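*Asks:* Predicted model and sequence below, questions to follow.
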Amino acid sequence: MTQNAADAASVDLLAIARRISTTVAQTALEERRRGISVAATKSTPTDVVTAVDRDTEERIRAMILDARPDDGIFGEEDDTHVGSSGLNWVVDPIDGTVNLLYDIPSWSVSIAVVDGPPDPGHWHALAGVVVNPVTGEVFEASVGGGARLVDGLGERELRVNEDVHLSRALVATGFGYAADRRAEQAKVLVDVLPRIRDIRRIGSAALDLGAVAAGRLDAFYEFGLNPWDHAAGALIVREAGGRVGGLGGAAESDRMLVAAPSPLFDELAALLQEAGA
């Protein structure tokens, strides 16, 4: 496939991802307005699942298979669907479930399409969409096609903040649900916080990454993320001119994800290593 053909295919995939994500986002918002409760827990008693999570993923899977029956699907709430095309849809039906539960308006639907296995170190992201159902904001990108924010005011190209020194950086992070992991993350934060402008904890990694791409945040880091948490958001940051990766030259993984413009990426990564992240 030529580069032009690959770019065109990515645009087509983006259109499908946008249609699916915006459709299910509206349904999820309607369900939230009717009231929700915890349906189950996952890794810990504080790591919750709602019926909205499950219903949203079921809708996403059905719509993907209707549009692209040969593709694979890798999501948070259900088993992996193995396809034959080599493309995989990486799905987080609700990123920020606790925010959803408490009616905090920072939760999202995140859908990405990748070429290769559902492993950030080995896939090539082609298209990604992150939707905030409450605000109606749609963050999106296709490989080589740039990143955009679409909302009630129209559409605008996204670009990360440039020339931000670490000491002036507004940085977001998140915390795991296991107590021992939170304790380690808190230790790192104690060293990071005095060296930056301030910290933000929004509660949805996908929205954090969209905010970095939009320049609302200067950087984001988190340990313990799953592939579906950042598949779409990482592509959006990269297409907005930012860098996404792990520490010591590694790719992003559950061990660490850092997203920032260069050279802020290098400064933050060095600080995190110094802090024992």
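*Replies:* That came through, no problem. Residues are numbered from 1 along each chain as shown.

*Asks:* Need the contact partners of the stretch of helix or strand residue 55 belongs to.
*Replies:* In this assignment (DSSP states H and E), residue 55 forms part of helix 51-67. Counting by CB atoms under 8 Å, 6 or more residues apart in numbering, the neighbours of helix 51-67 from elsewhere in the structure are 16, 19-21, 23-24, 27-28, 31-32, 36-37, 39, 71, 73, 75-78, 81, 89, 91, 93-94, 97, 100, 109, 111. Any C-beta I mention is one placed from the backbone N, CA and C, and that applies to glycine too.

*Asks:* Which PyMOL command selects the buried ones in these?
*Replies:* Restricted to the buried members of these, where burial is judged by 16 or more other CB atoms under 10 Å, the PyMOL selection command reads as follows:
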select buried, resi 16+20+21+24+28+31+32+36+71+73+75+76+77+89+91+93+94+97+100+109+111
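
*Asks:* Let me see the ranges of the strands in the stretch 51-200 of the chain.
*Replies:* Chain-ordered strands for the stretch 51-200 of the chain, with DSSP state E, counting those that start in this stretch as the definition, fall at 72-75, 87-95, 108-115, 124-132, 137-142, 147-151, 154-157, 170-173, 198-200.

*Asks:* Reformat those strands as a markdown table; add mean pLDDT.
*Replies:* Shown next, in a markdown table, are these (pLDDT from 0 to 100):
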| stretch | mean pLDDT |
| --- | --- |
| strand 72-75 | 94 |
| strand 87-95 | 97 |
| strand 108-115 | 98 |
| strand 124-132 | 98 |
| strand 137-142 | 98 |
| strand 147-151 | 97 |
| strand 154-157 | 97 |
| strand 170-173 | 98 |
| strand 198-200 | 98 |
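
*Asks:* which stretches of the stretch 1-150 of the chain have low pLDDT?
*Replies:* Along the stretch 1-150 of the chain, the parts satisfying pLDDT under 70 run over 1-8, 39-48.

*Asks:* if we can go back for a sec, can you tell me which of the strands of the stretch 51-200 of the chain is most buried?
*Replies:* Per residue and on average, the most neighbours among the strands of the stretch 51-200 of the chain fall to strand 108-115, with a mean of 30 (mean count of other CB atoms under 10 Å).
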